[in-house]
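**Student:** structure for this input, please:
(2 chains)
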Amino acid sequence: MISRQDVEHVARLARLALTDAEKERMEAELSSILEYIDKLRALDVEGVEPTSHAVPLVNVMRDDEVRPCLPAGAMLANAPDRAGDSVRVPRIIED
Amino acid sequence: MSRSRGFEVIIGLEVHAQLLTRSKMFCGCPTTFGAAPNSQTCPICQGMPGVLPVVNRRAIELAVRSALALDCRINPGCRFARKHYYYPDMPKNFQISQYEEPLAEDGWLEIEVDETTKRVGIQRLHLEEDVGKLVHEGAFETAQASLVDYNRSGVPLMETVSKPDIRSPEEAAAYLKAFRAVLVSLGVCDGNMEEGSLRCDANISLRPRGASELGTKVEIKNMNSFRNVKAALEYEVGRQAKALAAGERIVQETRLWEAERGYTRSMRSKEYAHDYRYFPEPDLVPLRLDPAWVDGIRAALPELPRATRQRFIDAYQLPAYDAEVLTQSRALADYYEEVVKALTAGRAPSAALPALGEPAKIASNWVMSELLRELPADDEAAIRSSRVPPQNLAALVMLIADGTISGKIAKDVFKKMFETGESAGTIVEREGLTQVADEGELLAVVDRVIAENPKAVEDFRKGKAAAAKALVGQVMKATRGKANPALANRLVEERLRAV
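**Tutor:** Below is the predicted model of the structure:
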């Protein structure tokens, strides 16, 4: 079951500010999702390798070759704020 | 020992090395250092929706090469994972790394401290992508904003985690040095710590001697040189020992080394809980490395620094110190051996060479003191930039051996060779530096000096041997250092006795 603390913890990790009403809703919705996944536990998976990819593919690699980049301006156009060629973000100093 | 107050010090190091690829780990952006900010990005390394990263084969090859050199077990299969965290150095809010199935595990690296060798275990070696670079706008204390350059995000990084086998700050520095030498000699990383190609974090804890449980560990970041690693860990040993001796508890945290101020400070991040919510990267299918490919990489491994070092000691009778310095990079070791070869092979070594000493040791002295003084570094790029090829350095040594120039003048000639790229012979001839070894020519100078210094002659007669030395000095001065010193000595003595 998902507790109120679990919801708050996950929300903080995802940098989401939830209202009390939203927290309540999430608590219920996430719990029911987990309950559904719990049904999978009933399956016998003895000897079955955990699956990370559904396609039977391995070793997809490319040669070490340089390809054109985005022009700096195009990339910076997505930034909310910039200073010269740099993206400008609010003060992030851990203290 | 006093610094640790009798506690046992336990250190593990995490080293991040930028691999020498042309393009990034999962996209074709270049990895060149020093480009204009944000000029080397694309939708893939920016993490735009719908893009598909693809693994750079060369990065895997370089990591396999490193893992083999460190005697790791290459895992038959490995997978990439997303490591989630919110920080502006990564625009997509996760970093592609490896978690449960790293590329390689369980190796070791040999280090030497105080002439004792020991093996430090390697726990794991995995690949990941580097993140962007943040610079505070203005002074640290007053900064209102940070500036981000994403050129580095997506550059291939190899992370190698040691086992907690390191027992002192000296051993930590020795580990990092040995590790760097291995990577540089493999051509896997340029080893440039200033540019951040090689970065090191440490986990350090103390425990009472004899205890079997580990103490609370602290992670130290921001140590970007061998000297800083040693200094930061020494500081931290002292800090923790003092706290433990006073009965305090050590807080598990991350601390930053402030190199200029000489202390570590807590990052005091309340939620530094490592809650990264790893899960397999759905866009990158697993790797199952072909054993034949791995064997091919193994067969092509060059001789490793430790082996070269031992060979230099055995084959050339070099002191351990010389062998250590000369094997910091493959290029330097090769350069040295070329000098020795040129001095001993081909035309028979100059008959006079043995008078100077063993050719191998002479070559070592010149490479260590003169060449390394002029070169900006000891890596391949620096050696390649040298305008004095090994054969030219050997030719210069030959000029000393056969008496053409004195050792003192040879050092000046070397500087000029380094600046101009000219051969020793050309410089010596043009500047008329040939040693005056002609007895008749030198005798005339000696006679003149003796005639001009009657007081020194008088002193010599009264039994002051030092007076002869002063006269030899005058002869050297009169010939601008070009007189053969042994000959000048003999002639002065002979003349003084004859007067």
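**Student:** residue B:77 versus residue A:49, what's the distance?
**Tutor:** Counting by CB to CB, to the nearest Å, the gap from residue A:49 to residue B:77 is 10 Å. For every residue, glycine as well, the C-beta is placed using N, CA and C.
**Student:** same drill for the two, tell me which one is more crowded.
**Tutor:** Taking other CB atoms under 10 Å in any protein chain shown, residue A:49 and residue B:77 do not tie; residue B:77 has more neighbours (11 against 6).
**Student:** so the more buried one touches residue B:288, yeah?
**Tutor:** Yes: with contact defined as CB atoms under 8 Å, residue B:77 reaches residue B:288; the gap is 5.0 Å.
**Student:** what do those two both touch?
**Tutor:** residue A:58 (CB atoms under 8 Å, 6 or more residues apart in numbering or on different chains).
**Student:** from residue B:415, how far off is the nearest residue to residue A:30 once chain neighbours are set aside?
**Tutor:** Among residues not flanking residue A:30 along the chain, residue A:2 sits closest, at 4.4 Å (CB to CB, 6 or more residues apart in numbering or on different chains). Residue A:2 sits 73 Å away from residue B:415 when distances are taken as CB to CB.
**Student:** okay, the two: which has more neighbours?
**Tutor:** Using other CB under 10 Å, the more surrounded residue of residue A:2 and residue B:415 is residue A:2, with 17 against 14.
**Student:** what residue lies at the spatial centre of chain A?
**Tutor:** Against the mean C-alpha coordinate of chain A, by CA atoms, centre = their mean, the closest residue is residue A:14 at 7.8 Å.
**Student:** check contacts around the residue in chain A that chain B sits nearest to.
**Tutor:** Per CB to the nearest CB, residue A:67 is where chain A lies closest to chain B, at 2.8 Å. The neighbours of residue A:67, taking CB under 8 Å, 6+ apart as the test, are B:23, B:27-29, B:42.
**Student:** before we move on, back to that, how far away is the residue nearest to residue A:30 from residue A:81?
**Tutor:** 36 Å.
**Student:** residue A:46 too?
**Tutor:** 55 Å.
**Student:** what's around residue B:126, how many residues?
**Tutor:** 23.
**Student:** who does the residue in the stretch 101-250 of chain B that chain A sits nearest to bridge with?
**Tutor:** Nearest residue of the stretch 101-250 of chain B to chain A, counting by CB to the nearest CB: residue B:147, 3.7 Å away. Using DSSP bridges, the bridge partners assigned to residue B:147 are residue A:88, residue B:135.
**Student:** distance from the chain centre to stretch B:29-38, please.
**Tutor:** Put simply, stretch B:29-38 sits 24 Å off its chain's centre (CA atoms, centre = their mean, to the nearest Å).
**Student:** can you give me the mean pLDDT across that stretch?
**Tutor:** Averaging pLDDT along stretch B:29-38 yields 93.
**Student:** ditto for stretch B:51-66
**Tutor:** Rounded mean pLDDT across stretch B:51-66 is 97.
**Student:** contacting residues around it?
**Tutor:** Taking CB under 8 Å, 6+ apart as the rule, stretch B:51-66 contacts A:60-64, B:17, B:19-27, B:43-44, B:74, B:80, B:96, B:103-104, B:125-127, B:156, B:158, B:160, B:182-183, B:186, B:188, B:281, B:283-284, B:287, B:289, B:294, B:297, B:301.
**Student:** now do stretch B:412-429
**Tutor:** B:366, B:370, B:374, B:386-388, B:392-393, B:395-396, B:399, B:404-405, B:410, B:433-434.
**Student:** could I get the pLDDT score of residue 42?
**Tutor:** I went with chain A, as the question did not name one. So residue A:42 comes in at 86 (pLDDT).
**Student:** oops, chain B please
**Tutor:** Residue B:42 is assigned 96 on the pLDDT scale.
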